[in-house]
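Colleague: Sequence plus predicted model, see below.
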Amino acid sequence: MARIAQALLKRLGGMAIVLALVVTVVFIIVRVTPGDPAAVMLGSDATPADIAQLREKMGLDAPLLLQYGQFVLGILQGDLGQSIFLNQPVTTALAARAEPTFFLTLFSILIAVAIALPVGILSAVKRGTIFDQIVVTLTMVAASVPSFWLGLILIQVFAVGQGWFPASGYGGPETPFLERLHHLVLPAVALGVVNSALITRFTRAAMLDVLGDDYVRTARAKGAGEGRVILKHALKNAMIPIITVIGLSIAMLVAGAVVTETVFGLPGVGNLVVSAVLRRDYPVIQGALLVVAAIYVLINFIVDMLYILVDPRVRL
Amino acid sequence: MTTMASVSMPFASGLRRLFGNRAMLFGAIILGIVILAAILAPWIAPYAPNKLSIINKLKPPSMTNFFGTDEFGRDIFSRAIFAGRISLLVSLGVVVISTVLGVILGVAAGFFRRLDAPISRLLDAMMSFPDILLAIALVAALGPSLTTVILALGITYAPRLARIVRGSTLVLRELPYIEAAVAMGLPTWQILARHVLLNLASPILVQATFVFASAMLAEASLSFLGVGVSTDMPTWGTMLASGREYMNNAPWLMVFPGLAIVFSVLSLQLLGDGLRDLVDPRLAKES
């Protein structure tokens, strides 16, 4: 127990440092804008008075260190600034769009894992067979397909062609929850299939690593059934790289969601970021970057903690 | 059991390497075709990429327009070939920038113990941002242009290379010949240039190939979103974005640019996998 607490504290310390650096990187990104960010945001029609007003509102007149201090203080108080174009706090804008992104990411990872685990395990068990070669080839192809392109094809076939799913949108708050989720089927499949490629490859490689080990041979020699050998002895020991890649995939899914939400017209965080970029709404961009990076750091932390649960030999 | 293993393993491993090399050869051929088509675009494209022909708008693939025409009657085949130029140029630029940054950061972290912790934490922080999100934030800050897209993606992918370089440098630093070079009083820059960088070439080459593939996908995504390279020349991403509106009646508008992306990225993945197996045959079993 003391060992787990010690590992937890050590990782929490590391996480705090990385988060502090994430905040600093986000702060710097907006400040590297050539010229005046306020002028860039307001466009060429803005008057000097408008620009001065926005500079004051964004706190750009203050010395850089003071700006940084105010930025950090704001984050600690849960204040990510004010969206210039939406005229609402960035946290409100992000919260309002969190639902589709959350469920899109969740369903995509579930689809990816549901494909990758059985296919990866079977491919390793049947190594060198035609099935294995087809899996290796298909994962390579799937990893080369842009998820937005697959999304466009799915829309064409299953929304426009068959009419089974809506082609775009999410429905408003008055739309029943299940109907809202119905809108997520095609985007989740597009993202999930593309991301299953990496998890399948890692699962296959991790299983190949352990299937030749002595304890697997011993289990077989003791007369354990093949299913038990694979699932209990081999898979359990192959879980660490698999968990790592699933954790990594969640970050990739968030990146994929940015583009996929645009293809399917989902009013999620990705769509918010893209429109913020097109309108140069810097507070929204930096707020979204910060939240997504923080979630990623948190997922990494959870993955590290899962290592200890899966394999008690792991020292963090 | 031992005898069986010792007989069957070289055969199986030989077969695997042959399969792997064939895949690598396939990748190299496809990539070669894409690169040649891009270089020779003005000579092999049947039409100018932006040549309008309204009477020929949205024509399906035919002998005069191999991939059909778009909503302005422009030839998709010619545009796809010219788009390859932008895509390759951006990806190549990204590889150069991320390699230079990655090598500097990775060698510094791996060779100089004091710099390891701060640089590694910075890399952790940079890798916390999903690639597309960081790239579009940087493009938003710097303004969309060819240079800024290359710079943004280069910065985004540099930590990936830095991680690999750091890991390899940590191993190299402990090797006897490096210790001997230090003991002989060789200047640090000479040790780094002659003994470290030279030995890093293989892992860098492998990782750079994968960064090339990722950059190509990312560039297409940025162009599709409308925050990519701002140029008169078509890109595969912008072709897909503009073809979207007509995809019900003219599916070829999205089929061919999409296939161009898939084949180019696939060729790089195959090449990267093959190179990795050649550099480190222990990893060959994973592919």
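Modeller: Looks like it arrived, so ask away.

Colleague: ok, the residue most central in space within chain B - contacts?
Modeller: Closest residue to the average C-alpha location of chain B: B:Phe212 at 1.0 Å, with Cα atoms, centre = their mean. If you count contacts by Cβ atoms under 8 Å, 6 or more residues apart in numbering or on different chains, B:Phe212 has them with B:91-92, B:94-95, B:268, B:272. Where C-beta positions appear, they are placed from N, C-alpha and C, glycine not excepted.

Colleague: That one sits in which helix or strand?
Modeller: Assigned by DSSP states H and E, B:Phe212 belongs to helix B:198-225.

Colleague: Show me what counts as buried in that helix.
Modeller: B:199-200, B:203-204, B:206-225 (16 or more other Cβ atoms under 10 Å in any protein chain shown).

Colleague: can you check stretch A:90-110 too?
Modeller: Buried, per 16+ other Cβ under 10 Å, within stretch A:90-110: A:90-91, A:93-94, A:97, A:99-101, A:103-105, A:107-109.

Colleague: Then stretch B:249-266?
Modeller: B:250-258, B:260-266.

Colleague: Counting only strands, which of those residues make the cut?
Modeller: Of those, none are assigned to strands by DSSP state E.

Colleague: for these, which one is nearest A:His183?
Modeller: Using Cβ to Cβ, B:Met254 comes nearest to A:His183 of those, at 21.1 Å.

Colleague: What score does the closest one have for pLDDT?
Modeller: Looking at B:Met254, its pLDDT stands at 90.

Colleague: That one reaches B:Ala241, doesn't it?
Modeller: No - the criterion here is Cβ atoms under 8 Å, and B:Met254 misses it with B:Ala241 at 9.7 Å.

Colleague: Of the contacts of B:Phe212, which qualify as buried by neighbour count?
Modeller: B:91, B:94-95, B:268, B:272.

Colleague: of all these, which comes closest to B:Pro144?
Modeller: B:Val94 (15.3 Å).

Colleague: surely that closest one meets B:Ala158?
Modeller: No - counting by Cβ under 8 Å, B:Val94 stays clear of B:Ala158, with 9.4 Å between them.

Colleague: Low-confidence regions, the stretch 101-250 of chain B specifically.
Modeller: Along the stretch 101-250 of chain B, the parts satisfying pLDDT under 70 run over B:230-231.

Colleague: Please determine how far B:Leu151 is located from A:Ala95.
Modeller: B:Leu151 sits 33 Å away from A:Ala95, going by Cβ to Cβ, to the nearest Å.

Colleague: And for A:Gln88, the neighbour number?
Modeller: 12 (other Cβ atoms under 10 Å in any protein chain shown).

Colleague: got the residues of the stretch 201-316 of chain A near chain B?
Modeller: Applying Cβ under 8 Å from any Cβ of the partner chain, we find that the stretch 201-316 of chain A lies next to chain B at A:201, A:204-205, A:208, A:251-252, A:254-256, A:258-259, A:262, A:273-274, A:276-278, A:280, A:282, A:285-286, A:288-289, A:292-294, A:296-297, A:300.

Colleague: Using CSV, write down the CA coordinates of stretch B:234-241.
Modeller: Provided in CSV are the C-alpha atoms of stretch B:234-241 (Å, rounded to 0.1, in the frame of the first residue of the first chain):
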residue,chain,number,x,y,z
PRO,B,234,-4.6,22.7,-55.1
THR,B,235,-3.8,20.3,-52.3
TRP,B,236,-5.4,16.9,-51.7
GLY,B,237,-7.1,18.3,-48.6
THR,B,238,-8.6,21.3,-50.3
MET,B,239,-9.7,19.2,-53.3
LEU,B,240,-11.6,17.0,-50.8
ALA,B,241,-13.0,20.0,-49.0
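
Colleague: Can you confirm whether it lies near chain A?
Modeller: Yes - Stretch B:234-241 comes into contact with chain A (Cβ under 8 Å from any Cβ), by way of B:Leu240.

Colleague: The residue of the stretch 201-316 of chain A found nearest chain B: what's it in contact with?
Modeller: As assessed by Cβ to the nearest Cβ, chain B sits closest to A:Ala255 within the stretch 201-316 of chain A, at 3.2 Å. By Cβ under 8 Å, 6+ apart, the residues touching A:Ala255 are B:130-133.

Colleague: ok, and the closest non-adjacent residue to it?
Modeller: Distances taken as Cβ to Cβ, 6 or more residues apart in numbering or on different chains place B:Pro130 nearest to A:Ala255, at 3.2 Å, with adjacent residues excluded.

Colleague: relative to helix B:198-225, how tilted is the helix or strand following the helix holding B:Phe212?
Modeller: Next in sequence after helix B:198-225, counting helices and strands by DSSP H and E, comes helix B:236-243. Computed by axes from the mean of the first three to the mean of the last three Cα atoms, to 10 degrees, the angle separating helix B:236-243 from helix B:198-225 equals 10 degrees.

Colleague: hmm, who's touching helix B:236-243?
Modeller: A:148-149, A:152, B:70-71, B:76, B:79-80, B:83-84, B:87, B:219-226, B:228, B:250, B:253-254, B:257-258, B:260-261.

Colleague: Mind doing that once more with 7 Å?
Modeller: A:149, B:70, B:79, B:83, B:87, B:219-224, B:226, B:228, B:253-254, B:257-258, B:260-261 (Cβ atoms under 7 Å, 6 or more residues apart in numbering or on different chains).

Colleague: do stretch A:153-160 as well
Modeller: A:164-167, A:186, A:189-190, B:247-248, B:251.

Colleague: Surely the residue nearest to A:Ala255 touches A:Leu289?
Modeller: No - B:Pro130 is beyond contact range of A:Leu289, at 9.2 Å (criterion: Cβ atoms under 7 Å).

Colleague: give me the number of residues near the residue nearest to B:Phe263 when sequence neighbours are not counted?
Modeller: Spatial nearest neighbour of B:Phe263, excluding adjacent residues (Cβ to Cβ, 6+ apart): B:Ile30 at 5.6 Å. Using other Cβ under 10 Å, B:Ile30 has 17 neighbouring residues.
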